[in-house]
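> Show me how the following folds:
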Amino acid sequence: GRVFMFKWTVNFKFLPEIVFVSRELALLLLCLTLLCWLLFGHVHYAAPTQQRWGLLGLLGTSLRHPFTAPMDPGFLASREFVDHALLTMFSSNFIGIVFARSIHYQFYVWYFHSLGYLAYRARFPVLLSLAVLLGIEYCYNVFPATPATSAALQCCHILLLASLWLVPVRKTHLKVA
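Okay, here's the model as predicted:
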């Protein structure tokens, strides 16, 4: 398989190179990414449908009735739906970033535009939002990355992801099946 060059990583410089290039780390990060996507999908992304079985219920309903939206049509046209769609897309992308084995400096452009929104949705106090966002910005502005800046970047990422997970789920758009 493809092995990334340790010298260019921004997010895992705090690991020894032998661990960074290991197949075990690659598989662990892949499993964590998939698990996180499934958990967020089950608990958060399928939430507005109020499916009894979360993501599985949503998928089952969608397969049984492929041309019928499992949400109220009014919800699909609402600002709340746009908010939910943005959160789903931005957080899904962010999960991929958090568990990527090697993030390089240019990867920041893939998700920097979503960070303010994610911090807002994480319901951080304003000062904590600023600290996390400035921390991420600082880490990307240190070249070359150091073990300290890599660890700080991962801490900011994990704090933001954990906060997004802990945000209460809104279930207000039930369409009884």
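
> Show the residue spans covered by the strands in the chain.
In the chain, no strands are defined using DSSP state E.

> I'd like the distance between the nearest residue to Val21 once chain neighbours are set aside and Asn93.
Closest residue in space to Val21, ignoring its immediate chain neighbours: Val3 at 5.1 Å, by Cβ to Cβ, 6 or more residues apart in numbering. All C-beta atoms are positioned from the backbone trio N, CA, C, and that covers glycine. Val3 sits 24 Å away from Asn93, going by Cβ to Cβ, to the nearest Å.

> do Ser102 as well
Ser102 is 16 Å from Asn93, by Cβ to Cβ.

> Between those two, which is the more surrounded one?
Ser102 (19 against 14; other Cβ atoms under 10 Å).

> For the more buried one, which non-adjacent residue is closest in space?
That would be Phe4: by Cβ to Cβ, 6+ apart, it lies 3.8 Å from Ser102.

> so the one you found touches Ala100, yeah?
No: using Cβ atoms under 8 Å, Phe4 is not in contact with Ala100; the gap is 9.3 Å.

> So for those two, which sits in the more crowded spot?
Ala100 (19 against 16).

> if I look at that one, how far off is Tyr111?
10 Å.

> who touches both of the two?
When Cβ atoms under 8 Å, 6 or more residues apart in numbering defines a contact, no residue borders Ala100 and Tyr111 alike.

> rewinding a little: pLDDT value on the residue nearest to Ser102, please?
On pLDDT, Phe4 comes in at 78.

> quick one, phi psi at it?
Per-residue torsions, Phe4: phi -80, psi 150 (degrees, to the nearest 10).

> ok, it - contacts?
20-21, 101-102 are the contacts of Phe4 under Cβ under 8 Å, 6+ apart.

> Quick check: buried residues in stretch 142-155?
Buried residues in stretch 142-155, counted by 16 or more other Cβ atoms under 10 Å: 145, 149-154.

> what would those residues look like in JSON lines with distance to Val10 and pLDDT?
JSON lines is the format used below for these (distance: Cβ to Cβ, whole Å; pLDDT from 0 to 100):
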{"residue": "Ala145", "distance to Val10": "5", "pLDDT": "94"}
{"residue": "Thr149", "distance to Val10": "8", "pLDDT": "97"}
{"residue": "Ser150", "distance to Val10": "6", "pLDDT": "97"}
{"residue": "Ala151", "distance to Val10": "11", "pLDDT": "97"}
{"residue": "Ala152", "distance to Val10": "11", "pLDDT": "98"}
{"residue": "Leu153", "distance to Val10": "6", "pLDDT": "97"}
{"residue": "Gln154", "distance to Val10": "10", "pLDDT": "97"}
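
> Tell me where the protein has helices.
17-20, 23-40, 54-64, 73-76, 79-98, 108-121, 126-140, 147-166 (DSSP state H).
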